[in-house]
Structure formats: structure tokens, C-alpha cells
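Novice: sequence unavailable; structure follows:
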């Protein structure tokens, strides 16, 4: 999306006045702009939505968030919205990444994708909703932090003052991420299957998985297809529905991962209320909300990876473009094998024939 093809900020605001009820993300897409463009158009504006530009310095942000108290932390991609309610605490950073922890807060952040930041206020009669919103270079949402009634407003204003940008213009520069190269590794042309299998079966920690993919230059979905059916196998299309139903009915604690380009958010604990609504599969628990577009899911796989304490089983879904949508693991304590009840849930899921079978 090039800047000269975008409507002017005042045109964006006028279009919103004519269509005030559509979700902001959907409105921006229909208008041919990014969500960051939409928020930027309201910097300093009067009306129900106003914004201030803040620096997208994720490392410094993590040191300030604990002072806000209870917040709602939101990470999403095109197919899943993951919301946890809790408080930020300690964080660790190294190089271009960080991990943030707290009470019901568990994030992995990748700084190179944090390009734009805003402090946003939305007015609805006497109610004001405040949030911190961050976007990647393409203008897609990376992470949003929404204040709750219990949040500390003085700490919010102090955070905004600390991170306020000298640039308070109403436009942002955005550019799409480059497409995959024509010589990209695919399931059909991937030649290092023996190397993949040797490294996969030799894992002692699930966090080695990313390093393995980088070492042999293979995309995640390609690796899943090619490693062998004893390590990864395809599941029926309704597997995610069945996972949520099973953990809800049994009380088995799970770990649910959803990621944007710049942040992966993790919930660990029980799943209570699961409600289908049209194409959406929803979890509506007091401290965890999940909204999943099941019609976007093209493939579901079960993975089994060795760790020092035993094995880890996961269920993960991909969209039609081969992008990872969501992952589930069984919740476990450090130094222990995964819970037997979680492994039984995974093993009971209906399998599909492996696409690589002869």
C-alpha cells in the first residue's frame, strides 16, 4: 500500500462517520487502508475517537506496563483473536526479542515488527475506553493493551508522557511485507527430509524447534508435512472444536498460543465456556477470551516432539496460505512430562490420510 493511494485523514474520518458501526479492522480493509492508517487519521482529532502517537519501543514499554494494574492484553491474526486479562510483571529481553510474564500474562515479542504506536481514547456517551495499540510496518496490529475499570489512569498518562512521539502527524508510512521468493522451499521441493527427521527426533527441548527450522531453512508447515507421520500427522478439520470441547469437559489445563508478526500471546489454564457462533468458535471465560474463525482453517496437525522429560504433543491449525493460526499444548510444570490426560485427548482426535503417503 503506497502513501499516495491512501485517502486523506479527513476523508478517512468522514467515511467513518458514514459507517460508524463496522469493526475498525474491517472498516479499514474495506476502505483500502491499514488499521494503523485508520488510527493515525484520528491523532489530535475531535470526536468519539482520538489518538496520540507514542514511540513503539517495546522494551521500554514492558518496564512501564506493570504500573497500569489489571489490563486486557490482545494479540490477533487474520483468523484468531486472543485476549487475556491480568497484570504485567517481570520481563526478559535479549537482542531483538523479549518475554513478558505476569498474572495471566505471557507474551513473546519480536521488536523488528513494532513500527507504530498509539495511545487511543474512544468515547461512548459518558464512557471512555483507553488503549495502547502497536502496529507493524504494514500497518497490521501487533499488540493492543486495553485498560480495565481497575486500571491506574495516572500510570497510563505517565506512560504516554514517557513514550510520546514528537511526530503527531495524521499519516503513517506503511508497506506490505515482501511475498515469498519464487524459489521458496515447498513440500514438493524440500530435499533435506532425512536431516529434518534426525534433528526433530533428537530434540531435548521444544524451544530447539525454531532453531532446527532455521538451520535447514524450512518453513514450519513444510517441516510438519515432511518429517514423517510418527512425528506429525494430519487431523480432521473439526479437530480444534473437539480439542476445546474435550478440555472444557474434562477440566484438562491447556496452553493456547496465538501470534501476530510481532507478538505471540499464551494462555495457560482451564477452558470453561465454549460457544460457537456462525463461523466463530468462542471461549468466553472470566480471564481468557478466544475468537477463532474456523472457516479460515485449511489444515490441522498433531505434532509430537521429544523433550528431556518425555514428549510434547500439540495441535496446530493453518490457513489456506499456510500461515499458523493457533496452537494448543497441554499445560505442564517445568521438568515434567506432559499430562497423560492431554496426550490421550490428542491421540483420540480423528486422523486424516497423510498427504505425503505413497
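Specialist: Received, thanks. Just so we're clear, the structure is a prediction, and the values are computed from it rather than from any experiment.
Novice: quick one: the strands in the stretch 151-300 of the chain?
Specialist: 232-235, 254-259, 263-269, 274-277, 280-284, 288-293, 297-307 (DSSP state E, counting those that start in this stretch).
Novice: can you tell me which helices and strands the third one packs against?
Specialist: The reference is to strand 263-269. strand 71-76, strand 80-94, strand 106-110, strand 141-147, strand 254-259, strand 288-293 (3 or more CB pairs under 8 Å, 6 or more residues apart in numbering; DSSP states H and E). In short, each C-beta sits where N, CA and C put it, glycine included.
Novice: so what's the gap between stretch 58-78 and the chain middle?
Specialist: Put simply, stretch 58-78 sits 13 Å off its chain's centre (CA atoms, centre = their mean, to the nearest Å).
Novice: again, but for stretch 85-102
Specialist: 15 Å.
Novice: list the contacts of the residue nearest to the spatial centre of the chain.
Specialist: By CA atoms, centre = their mean, the chain has its centre lying nearest to residue 259, at 2.2 Å. Neighbouring residues of residue 259 by CB atoms under 8 Å, 6 or more residues apart in numbering: 75, 77, 108, 265, 324.
Novice: gap between the last one and residue 120?
Specialist: It refers to residue 324. Look at residue 324 and residue 120: by CB to CB, to the nearest Å, they are 28 Å apart.
Novice: do the second one as well
Specialist: From residue 77 over to residue 120 the distance is 20 Å, taken as CB to CB.
Novice: same question for the first one.
Specialist: Using CB to CB, one obtains 17 Å as the distance from residue 75 to residue 120.
Novice: and residue 276, by the same measure?
Specialist: 31 Å.
Novice: please apply the same query to residue 308.
Specialist: Applying CB to CB to residue 308 and residue 120 gives a distance of 44 Å.
Novice: cool, and residue 314?
Specialist: Relative to residue 120, and taking CB to CB, residue 314 is found at 35 Å.
Novice: and if you look at residue 275?
Specialist: Distance, residue 275 to residue 120, using CB to CB: 28 Å.
Novice: ditto for residue 208
Specialist: 39 Å.
Novice: circling back to that earlier point, residue 340 is nearest to which of the helices and strands packed on strand 263-269?
Specialist: strand 254-259 (14.1 Å; CB to CB).
Novice: strand partners (parallel or antiparallel) of the closest one?
Specialist: strand 263-269 (antiparallel), strand 324-330 (antiparallel) (DSSP bridges).
Novice: what residues sit buried inside stretch 172-184?
Specialist: Using 16 or more other CB atoms under 10 Å as the test for burial, stretch 172-184 gives 172, 174.
Novice: how distant is it from the center of its chain?
Specialist: 20 Å.
Novice: quick one: terminal-to-terminal distance for it?
Specialist: 31 Å (CA to CA, to the nearest Å).
Novice: okay, and the beta partners of the residue nearest to the centre of the chain?
Specialist: residue 264.
Novice: do the same with residue 293
Specialist: Applying DSSP bridges, one finds that residue 293 bridges with residue 280.
Novice: list the contacts of it.
Specialist: 78, 79, 80, 279, 280.
Novice: which residues does residue 56 contact?
Specialist: Residue 56 neighbours (CB under 8 Å, 6+ apart): 114, 115, 116, 117, 134, 135.
Novice: of the residues you listed - the most surrounded one?
Specialist: residue 135 (29 neighbours; other CB atoms under 10 Å).
Novice: tell me how many other residues surround the closest residue to that one other than its chain neighbours.
Specialist: Leaving aside its sequence neighbours, residue 135 sits nearest to residue 36 (CB to CB, 6 or more residues apart in numbering; 3.8 Å). By the criterion of other CB under 10 Å, residue 36 has 27 neighbours.
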